[in-house]
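Peer 1: fold the following and give me the result.
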Amino acid sequence: GMALKMFPDISKIVVEKFIDFQENDVIVLYTDGITEAKNPKGEMYGVERLKVILSQVAYRKTNDIFDKITEDFSKFLGDNPLQEDDITMIVIKNVGLREVNHSLKLIVNTNENTKNINKRFWDWN
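Peer 2: As a prediction, this is how the structure comes out:
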């Protein structure tokens, strides 16, 4: 997507979406420095690998989820710790307030390339 604060008005390229963010749901926000990071063979970490590890650890606490993804990412990089891009990840988990349901509003880039990735990953309609 676009860099933050690059343009004063991005209303024509983003859309607001509401998602049902229920108890124990997890959201992982990450930069392309993670999915495009390459191992010594030149292979990229990729969205699919991130989805697989997340599906294996999503039931854990946020710090454990973060640690397991980071561990898998580090193993993947192997002897290639220097990367060409920033590497950032945030893990959010709804631990619940049993009396209240909450919605989460995300502003999503509607660029066709990223729209398809987001739609597959989060199963948005």
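
Peer 1: can you give me the distance of the closest residue to I27 other than its chain neighbours to I13?
Peer 2: Nearest in space to I27, with sequence neighbours left out and distances taken as C-beta to C-beta, 6 or more residues apart in numbering, is I92 at 4.5 Å. Every C-beta, even on glycine, is put in place using the N, C-alpha and C of the backbone. Per C-beta to C-beta, to the nearest Å, I92 is found 24 Å from I13.

Peer 1: same question, G78
Peer 2: Between G78 and I13 the distance is 37 Å, computed by C-beta to C-beta.

Peer 1: helix or strand: which one has V52?
Peer 2: When secondary structure is defined by DSSP states H and E, V52 falls within helix 46-57.

Peer 1: pull out the buried positions in that helix.
Peer 2: Of the residues in helix 46-57, those buried under the neighbour-count criterion (16 or more other C-beta atoms under 10 Å) are V47, R49, L50, I53, L54, V57.

Peer 1: by contact count, what packs against that helix?
Peer 2: For helix 46-57, the packing partners by 3 or more C-beta pairs under 8 Å, 6 or more residues apart in numbering; DSSP states H and E come out as strand 26-30, helix 32-35, helix 62-77, helix 112-122.

Peer 1: least confident of those, on average?
Peer 2: When the helices and strands packed on helix 46-57 are compared on average pLDDT, helix 112-122 comes out lowest at a mean of 44.

Peer 1: returning to that earlier point: who has more neighbours out of G78 and I13?
Peer 2: I13 (13 against 10; other C-beta atoms under 10 Å).

Peer 1: what about the more buried one? Give its phi and psi, please.
Peer 2: phi -120, psi 0 (degrees, to the nearest 10).

Peer 1: quick one: it from D85, how far?
Peer 2: For I13 relative to D85 (C-beta to C-beta), the value is 21 Å.
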